[in-house]
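Colleague: When you get a sec, could you give me coordinates for this:
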Amino acid sequence: MRIVLTLFLLLLGSQVVAHQLSTGYLTLQPTSEHSGAYQGQLQWRLFDLERELGLDTNRDGKLTWAEVQAARGAIAPLVSQAFNIRANSDACDVDVGPKWQIDKHYNEAYLWLPLQVQCESAEPLQITYQGFFDIDPEHKLLVNMVSPEQTGAVSRVLSERSPTAQIALTDGQWPGFVEYVYQGIIHILIGLDHILFLLCLLLGCVLIRRHDHGRAPYWEGQHSKRAILWQTLGIVTAFTLAHSITLTATALDLISLPSRWVEVSIAATVILAALNNVIPVVLRLGWITFGFGLLHGMGFAGVLGELGLPPNGRLLAVLGFNLGVELGQLAIIVVVLPLLMWVRNSRWYWRFAMPAGSLVIALVGANWLIERL
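Modeller: Predicted coordinates:
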């Protein structure tokens, strides 16, 4: 019981209020072929700039354009500190233009900064980025290099784990695809609500519900490993198929729902899946898993949208991110399922640990539901 209580407090303290990412966007375009000169723009969240520089000087909780303008002397040097751009080992000059603007992405205000980058030689460029990692280790920068004719583009994602990338228009789409696979893996591994929903499904995969005459229904360990594997395969396939459909459709703007209500619905799926382990209402989980998976796919798509999609190769980026989510999900199953199979015949597991753990997850989901509402 002490372990369960500790787990509850740890999960309750985790903040998964929404999948709001700290993301910056850098776009560069050669002014002409082989010139070594680039023009572009950098977009940083005002929220990140406020946390880094304290732009809200009167501390009224409202950031005004006048306060942003007053911080020009601090913001421009911050750009120089955040970037180290080189071409053939020679440092490039990075200058911030005077015409600043406010833009908006996913209900977040961004500062739009025009940039001029001058290098001694042309691409490939080596870009090293160190912006905002001190205040948010999960901060990312999406880099897009666009051809002079705007007919092609390549993309990279820079993070604290991989702050440096070499980028050239001749690279093709493969490195960008690999990067989005990596980002999909990272997201599922840090997406606690998705993990807990999947865990709720796995907890019952190793058990069977008995309905003996004259006795209240009860859980019991499933003796057949083959039956466990088939049930797990069916549930995971339903979840994978469902969230792949909505992830792709939402990311490509084929469907759209308010992100707030998607996040609220995801919290509700965690609660319902957990309570179903305690008081089983639905024993055949395939269809309900598919339906809940559609909502989780929209949540994945929201993260991908905030991360950003390259102007060219959007479908490839979506496929890469989706593949990464599947690989991360598979890694969780490979770790968790053997442990559950090992303890499934223990009385303490099916009588105490599984119901108690499910109740903890339901309480955590209820906490998220209240916060997101």
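
Colleague: only C-alpha atoms for contact and neighbour calcs from this point on.
Modeller: Fine.

Colleague: which residues of the stretch 51-200 of the chain fall in helices?
Modeller: For the stretch 51-200 of the chain, the helices defined by DSSP state H, counting those that start in this stretch occupy 65-70, 72-82, 174-190, 192-205.

Colleague: what's the angle from whichever strand or helix holds Ala331 to helix 174-190?
Modeller: Per DSSP states H and E: Ala331 is located in helix 314-343. Relative orientation of helix 314-343 and helix 174-190, computed by axes from the mean of the first three to the mean of the last three C-alpha atoms, to 10 degrees: 40 degrees.

Colleague: Can you name every helix or strand that the helix or strand following helix 314-343 contacts?
Modeller: Sequence order places helix 347-348 as the next helix or strand after helix 314-343, per DSSP H and E. Of the remaining helices and strands, none touches helix 347-348 by 3 or more C-alpha pairs under 8 Å, 6 or more residues apart in numbering; DSSP states H and E.

Colleague: Quick one: list the elements packing against the next helix or strand after helix 347-348.
Modeller: Sequence order places helix 354-372 as the next helix or strand after helix 347-348, per DSSP H and E. Packing partners of helix 354-372 (3+ C-alpha pairs under 8 Å, 6+ apart): helix 2-13, helix 192-205, helix 259-278.

Colleague: Leu340 against Leu203, yeah?
Modeller: Yes. Shown here, Leu340 and Leu203 form a contact pair, counting by C-alpha atoms under 8 Å, at 7.0 Å.

Colleague: who has more neighbours, these two?
Modeller: In terms of neighbours (other C-alpha atoms under 10 Å), Leu203 is the more surrounded of Leu340 and Leu203; the figures are 23 against 19.

Colleague: buried residues in stretch 282-291?
Modeller: Neighbour-count burial for stretch 282-291, with 16 or more other C-alpha atoms under 10 Å as criterion, is recorded at 285-286, 288-290.

Colleague: Could I get the average pLDDT for it?
Modeller: The average pLDDT within stretch 282-291 is 80.

Colleague: what do you get for stretch 109-123?
Modeller: On average, stretch 109-123 scores 89.

Colleague: hey, C-alpha coordinates of it in CSV?
Modeller: Provided in CSV are the C-alpha atoms of stretch 109-123 (Å, rounded to 0.1, in the frame of the first residue of the first chain):
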residue,chain,number,x,y,z
ALA,A,109,2.3,34.5,-29.4
TYR,A,110,5.7,34.5,-31.1
LEU,A,111,8.2,37.2,-31.8
TRP,A,112,9.1,37.2,-35.5
LEU,A,113,12.7,38.4,-36.2
PRO,A,114,14.2,38.9,-39.7
LEU,A,115,17.7,37.5,-40.0
GLN,A,116,20.6,38.0,-42.4
VAL,A,117,23.3,35.3,-42.3
GLN,A,118,26.6,36.0,-44.2
CYS,A,119,29.2,33.2,-44.7
GLU,A,120,32.5,33.1,-46.5
SER,A,121,31.4,30.1,-48.5
ALA,A,122,28.1,28.4,-49.4
GLU,A,123,26.4,25.4,-47.8
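
Colleague: Please identify the buried residues of that stretch?
Modeller: Buried, per 16+ other C-alpha under 10 Å, within stretch 109-123: 110-123.

Colleague: Over to stretch 183-200?
Modeller: Buried residues in stretch 183-200, counted by 16+ other C-alpha under 10 Å: 183-189, 191, 193-200.

Colleague: contacts for it?
Modeller: Contacts with stretch 183-200, where a contact means C-alpha atoms under 8 Å, 6 or more residues apart in numbering, come from 16, 266-267, 269-270, 273-274, 277, 296, 320-329, 358, 361, 365.

Colleague: Look through every helix and strand of this protein and give the one with the lowest mean pLDDT.
Modeller: Lowest mean confidence among the helices and strands of the chain (mean pLDDT, DSSP states H and E): helix 2-13, at a mean of 43.

Colleague: Taking the centroid of this protein, which residue is nearest it?
Modeller: Centre of the chain computed as the mean C-alpha position; nearest residue by C-alpha atoms, centre = their mean is His187, 3.9 Å away.

Colleague: where's that residue relative to Val360, distance?
Modeller: Applying C-alpha to C-alpha, to the nearest Å, the value for His187 to Val360 is 23 Å.

Colleague: isn't Phe300 right next to Ala249, touching?
Modeller: No. Using C-alpha under 8 Å, Phe300 is not in contact with Ala249; the gap is 11.3 Å.

Colleague: between the helix holding Ala331 and helix 192-205, how many degrees?
Modeller: Using the same axes, to 10 degrees: helix 314-343 against helix 192-205 is 40 degrees.

Colleague: packing partners for helix 314-343?
Modeller: helix 174-190, helix 192-205, helix 225-251.

Colleague: As JSON lines, those with mean pLDDT would be great.
Modeller: As requested, these are arranged in JSON lines below (pLDDT from 0 to 100):
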{"stretch": "helix 174-190", "mean pLDDT": "84"}
{"stretch": "helix 192-205", "mean pLDDT": "90"}
{"stretch": "helix 225-251", "mean pLDDT": "90"}
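
Colleague: out of these, nearest to Arg347?
Modeller: Closest of the helices and strands packed on helix 314-343 to Arg347 is helix 192-205, at 14.2 Å (criterion: C-alpha to C-alpha).

Colleague: so Gly40 makes contact with Gln29?
Modeller: Yes. Using C-alpha under 8 Å, Gly40 is in contact with Gln29, at 6.0 Å.

Colleague: my read: Leu294 touches Ala242, true?
Modeller: Yes. The pair Leu294 / Ala242 is scored as a contact, 4.8 Å apart, by C-alpha under 8 Å.
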